[in-house]
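1. sequence first, predicted coordinates after that:
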Amino acid sequence: MLFALQASAPPLPLVPLPASVHRDQGALRLGRPLTIVGGGKEGKTLAEGLKADGVSVGKGGAKVTLKHVDGLPAEGYRLKVAADGATIEATTDAGLFYGGQTLRQLIGKDEIPAVTIEDAPRFGWRGMLLDVSRHFRTVADVERIIDLNARQKMNVFHWHLTDDGGWRMETKAYPDLTTRGAWRSYPVKGKWDYAGITFPAQRKGDEYGGFYSKSEIKAVVAYAAKRHVTVVPEIEMPGHEQAALQCYPWLGCDNIPAGRKPNAFCPGKETTFVFLQKVLDETMGLFPSKFIHVGGDEVDKGLWHTCPRCQSRMKSEGLKDVDELQSYLIRRMDKYLASKGRRLLGWDEILEGGLAPGATVMSWRGIQGGIAAAKEGKDVVMSPTTHLYFDYSYDSIPTSLVYSYDPIPKELSAEEAKHVLGAQGNVWTEWLADEADIERMAYPRAAALAEATWTPLDRKSWPDFSARLGLLMGSLDRLAVKYHVDAPNISPSLFLTDEYAKPNPPSPIAGWQLMLDTGKGTASPLTSTYDTMMVPPGVKLSLFYKRDSDGAVSPMTTVQTSTGMRRADIEGLDSGLNLWTATGSFSKAPTSLRGKATVVTEISVASKPAAEKYALRFAGFIRLPETGAYVFTVRSDDGSILKIGGVPLVEHDGEHAATGKTATVWAKVGVYPFDLGYFDAGGANSLSVTVTPPGGKEGPIPVSWLWH
């Protein structure tokens, strides 16, 4: 195996990548203090940031001049760094701030490289949600997350303040919401169980929880505003209400069966609307955000079917079902918020029963809700579980998948696409009890989302981002961020050949060594700057990263060469794949199934058995028509494993939501064994496989490639 030293200059450490960057000759040396000139409060903010980065700021050194100019986009800026100083120009304070963040990222050990940058974001909503209901976070924790995101030019902090796990906003009109509803005896910290949630009327002192006073909330909002981050509060309604209902049972339906624990407000009672309006009044008094998020998701409407007050409301308002009853509640809240000059935002369930006139939809159950709302002429924020749920494992949603996300669905016309405000990553905390857990799940995926929402689509490049991300890790180390490191990104990872293979090597990461696992309980460090790898035929290598400071290691990745049992042609084979099916409980994708096979030409769940839990196995051969690199993506709910040439290529096993995983195989032209195992553990189910051939476009595997 050979590693050759890389001769090219390292990339600039910029995330997100600006719209236009030109590297000029020379650099601004940092031997003397930088002098900040102009910019008003933004000049002061930049000076504070530079000092926090360890840069000397004062008089007598090179000038960093901030100027307001006409004609640039709302958040856009121009940055010019030369040997004698730097200039940031923008039309707005936000633009000056973002130019300052770019300058901070450029600072090296003793110089700033000379550059000319012109930049503006692709989307106006670049957000992240933090759930503080399931597990509470201190004000310092919240401000740290806001600051980390602002460094990558994210501008929305969605604060999920109320849910079944606890009510976190001080509410003067209903004080029990925090004196009782912020403190649960079960589940305790670190565990989660919806069925057992309890908020004792008399506290013993060992309950888990916390809440934010009005003064603390105002301080967080001001902290965020200084960084041009809008704090959007979420007050859940009408579901996820165990905290509120245990404090004020009269907010629920009257006909609750014995032993039933309600978690939805009663929309049949006028007192419910009085409560909600008073809560929203206090919310609007704390948060200047144009948008107020009201939840609207996962509402258990079972009691509404038999509640006499709900049924009376449905009859008097001409509502045909409970979906329209929820829509009635949302419409009233929409009208109320609009009367106060605000806009209602809700999860995509608010589409059910009819969308409120002024509502904006946050699409989380895939992208269909966002598509439907945009086609109705409504604004949307994209936040699908498939790409942007940061509490999901990195196996389910790797950083590369987040980076690949485009908030504009292909189904929208250019005019409809204007309603896509942007995208947002979500950190739900049922299973994330501590700040370190949150940081590890958020980073580096939040950085990938920052670039996916800021950088022009034609400027995005995963290999380039990976190289810059390696440099970003150094700044995260200085901030003591407990980030996740992916397995080394080696592509292709499988070579079906009897010759030496040349994969693209992984990007170096500042402060980490690339290690080769010897398979004998030891590992050897490899050169961290290189541009060529050569892997002998018939060899499987396992590599991982190891951090210099504490010995922490990343997940492992493999690169392998194999002949792949290649056949020269399809002689003696018939079109299509064999499909075996089985019913029962599975926890892993099957490698073999017995029984009679059927022949199919499509890889999907269309031919699944009539059972909620089942497994499928597609097997046969795949004809690869040319020599080169093929990118295969398997999207499934639940687990799946794709083997080509008898070697696992895409391993996407275990129970998980509908997500995709991608891998690349380099193969000689020929016919290879093909094997795909899949299982569904119940509930939603989906399966598809796409391929991007050498120099081609992604699409379903052509039928002419599949044989048995």
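-> Yep, it's here. Note that this is a predicted model, so its numbers are computed, not measured.
2. going forward, measure contacts between C-alpha atoms and count neighbours the same way
-> Will do.
3. I figured residue 291 hits residue 340, correct?
-> No. The criterion here is C-alpha atoms under 8 Å, and residue 291 misses it with residue 340 at 11.3 Å.
4. between the two, who's got more neighbours?
-> Comparing residue 291 with residue 340 by other C-alpha atoms under 10 Å, the one with more neighbours is residue 291, at 22 against 10.
5. might you report the residue contacts of that one?
-> Taking C-alpha atoms under 8 Å, 6 or more residues apart in numbering as the contact definition, residue 291 lies against 232, 342-345.
6. equivalent analysis for residue 233, please.
-> 158-161, 283, 287, 292-293 are the contacts of residue 233 under C-alpha under 8 Å, 6+ apart.
7. alpha carbons of the helix or strand hosting it, as PDB, please.
-> Here residue 233 sits within strand 230-237, counting by DSSP states H and E. C-alpha atoms of strand 230-237 as PDB (Å, rounded to 0.1, in the frame of the first residue of the first chain):
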ATOM      1  CA  THR A 230     -33.900  34.800  15.600                       C
ATOM      2  CA  VAL A 231     -35.300  32.700  18.500                       C
ATOM      3  CA  VAL A 232     -38.500  31.000  17.400                       C
ATOM      4  CA  PRO A 233     -40.400  29.600  20.400                       C
ATOM      5  CA  GLU A 234     -42.600  26.500  20.200                       C
ATOM      6  CA  ILE A 235     -45.600  26.200  22.500                       C
ATOM      7  CA  GLU A 236     -47.100  22.800  21.700                       C
ATOM      8  CA  MET A 237     -50.900  22.500  21.000                       C
END
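8. rounded mean pLDDT for the next helix or strand after that strand, please.
-> Downstream of strand 230-237, the first helix or strand assigned by DSSP H and E is helix 242-247. Helix 242-247 shows a mean pLDDT of 97.
9. and what of stretch 509-523?
-> On average, stretch 509-523 scores 81.
10. sec struct for the closest residue in space to residue 474 that isn't next to it in sequence, please.
-> Among residues not flanking residue 474 along the chain, residue 510 sits closest, at 5.2 Å (C-alpha to C-alpha, 6 or more residues apart in numbering). Here residue 510 is coil, with the state taken from DSSP: H, G, I helix; E, B strand; the rest coil.
11. the helix or strand hosting residue 277 - contacts with which helices or strands?
-> Here residue 277 sits within helix 270-286, counting by DSSP H and E. Judged by 3 or more C-alpha pairs under 8 Å, 6 or more residues apart in numbering; DSSP states H and E, helix 270-286 is in contact with helix 214-226.
12. how about the CA coordinates for the helix it packs on, as CSV?
-> Output of helix 214-226 as CSV, limited to C-alpha atoms (Å, rounded to 0.1, in the frame of the first residue of the first chain):
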residue,chain,number,x,y,z
LYS,A,214,-38.9,35.6,31.9
SER,A,215,-35.6,37.5,32.6
GLU,A,216,-33.6,34.5,31.5
ILE,A,217,-35.6,34.1,28.3
LYS,A,218,-35.1,37.8,27.5
ALA,A,219,-31.4,37.4,28.1
VAL,A,220,-31.2,34.4,25.7
VAL,A,221,-33.2,36.4,23.0
ALA,A,222,-30.8,39.3,23.4
TYR,A,223,-27.7,37.0,23.2
ALA,A,224,-29.1,35.5,20.0
ALA,A,225,-30.0,38.8,18.5
LYS,A,226,-26.5,40.1,18.9
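13. who's in contact with it?
-> 45, 139, 142-143, 146-147, 169-170, 230-231, 286-287.
14. show the average pLDDT along it.
-> Computed over helix 214-226, the average pLDDT equals 98.
15. for stretch 424-431, same thing?
-> Mean predicted lDDT for stretch 424-431 stands at 97.
16. try stretch 198-211
-> pLDDT averaged over stretch 198-211 gives 96.
17. same question, stretch 586-601
-> Mean predicted confidence for stretch 586-601 is 90.
18. go on, stretch 318-333?
-> 97.
19. list the buried residues in it.
-> Under the neighbour-count criterion of 16 or more other C-alpha atoms under 10 Å, stretch 318-333 has 319, 322-331, 333 buried.
20. can I get it as CSV, trimmed to CA atoms?
-> The C-alpha trace of stretch 318-333 is given here as CSV (Å, rounded to 0.1, in the frame of the first residue of the first chain):
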residue,chain,number,x,y,z
GLY,A,318,-70.0,22.1,10.6
LEU,A,319,-66.8,20.0,11.0
LYS,A,320,-67.0,16.5,9.5
ASP,A,321,-64.2,14.8,11.5
VAL,A,322,-61.6,15.3,14.2
ASP,A,323,-59.0,16.4,11.7
GLU,A,324,-61.1,19.3,10.9
LEU,A,325,-61.6,19.9,14.6
GLN,A,326,-57.9,20.2,15.0
SER,A,327,-57.8,22.5,12.0
TYR,A,328,-60.5,24.6,13.7
LEU,A,329,-58.2,25.1,16.7
ILE,A,330,-55.2,25.9,14.6
ARG,A,331,-57.2,28.4,12.5
ARG,A,332,-58.3,30.2,15.6
MET,A,333,-54.8,30.5,16.8
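21. the residue nearest to residue 474 and residue 469 touch, don't they?
-> No. Applying C-alpha under 8 Å, one finds residue 510 not in contact with residue 469, separated by 9.1 Å.
22. before we move on, the earlier item: for residue 442, see how far away the residue nearest to residue 474 is.
-> Residue 510 is 19 Å from residue 442, where distance means C-alpha to C-alpha, to the nearest Å.
23. neighbour count winner among those two?
-> residue 442 (26 against 17).
24. thinking again about what came up before, just among the contacts of helix 214-226, which is most surrounded?
-> residue 231 (27 neighbours).
25. I'd like to check the angle between the strand holding residue 233 and helix 270-286, please.
-> 170 degrees (axes from the mean of the first three to the mean of the last three C-alpha atoms, to 10 degrees).
26. which neighbours does strand 230-237 have in its sheet, and in what orientation?
-> strand 156-160 (parallel), strand 291-295 (parallel) (DSSP bridges).
27. out of the contacts of residue 233, which comes closest to residue 614?
-> residue 160 (36.3 Å; C-alpha to C-alpha).
28. could you give the bridge partners of the closest one?
-> residue 131, residue 234.
29. surely it touches residue 132?
-> Yes. With contact defined as C-alpha under 8 Å, residue 160 and residue 132 form a contacting pair (6.1 Å).
30. helix/strand/coil for residue 80?
-> strand.
31. which residues does the residue lying closest to it once chain neighbours are set aside form beta bridges with?
-> Of all residues not flanking residue 80 in the chain, residue 116 sits nearest, at 4.7 Å (C-alpha to C-alpha, 6+ apart). Listed by DSSP bridges, the beta-bridge partners for residue 116 are residue 22, residue 80.
32. who's in contact with residue 65?
-> Residue 65 touches 36-39, 86-88, counting by C-alpha under 8 Å, 6+ apart.
33. how does it look with 6 Å?
-> When contacts are counted by C-alpha atoms under 6 Å, 6 or more residues apart in numbering, residue 65 touches 37-38, 87.
34. so what's the backbone phi/psi at the residue nearest to residue 603 when sequence neighbours are not counted?
-> Counting by C-alpha to C-alpha, 6+ apart, the nearest residue to residue 603 once its immediate chain neighbours are dropped is residue 688, at 5.9 Å. Main-chain torsions, residue 688, degrees, to the nearest 10: phi -150, psi 150.
35. what about residue 688, neighbour count?
-> 16.
36. hmm, it is touching residue 605, no?
-> No. Using C-alpha atoms under 6 Å as the test, residue 688 is too far from residue 605 to be in contact (8.3 Å).
37. out of the contacts of residue 291, who's the most crowded?
-> residue 345 (27 neighbours).
38. which neighbouring elements make contact with the helix or strand where it lies?
-> Assigned by DSSP H and E, residue 345 falls within strand 343-347. When contacts are defined as 3 or more C-alpha pairs under 6 Å, 6 or more residues apart in numbering; DSSP states H and E, strand 343-347 sits against strand 291-295, strand 360-363.
39. give me whichever of those is most buried.
-> Mean neighbour count (mean count of other C-alpha atoms under 10 Å) peaks for strand 360-363 among the helices and strands packed on strand 343-347, with a mean of 28.
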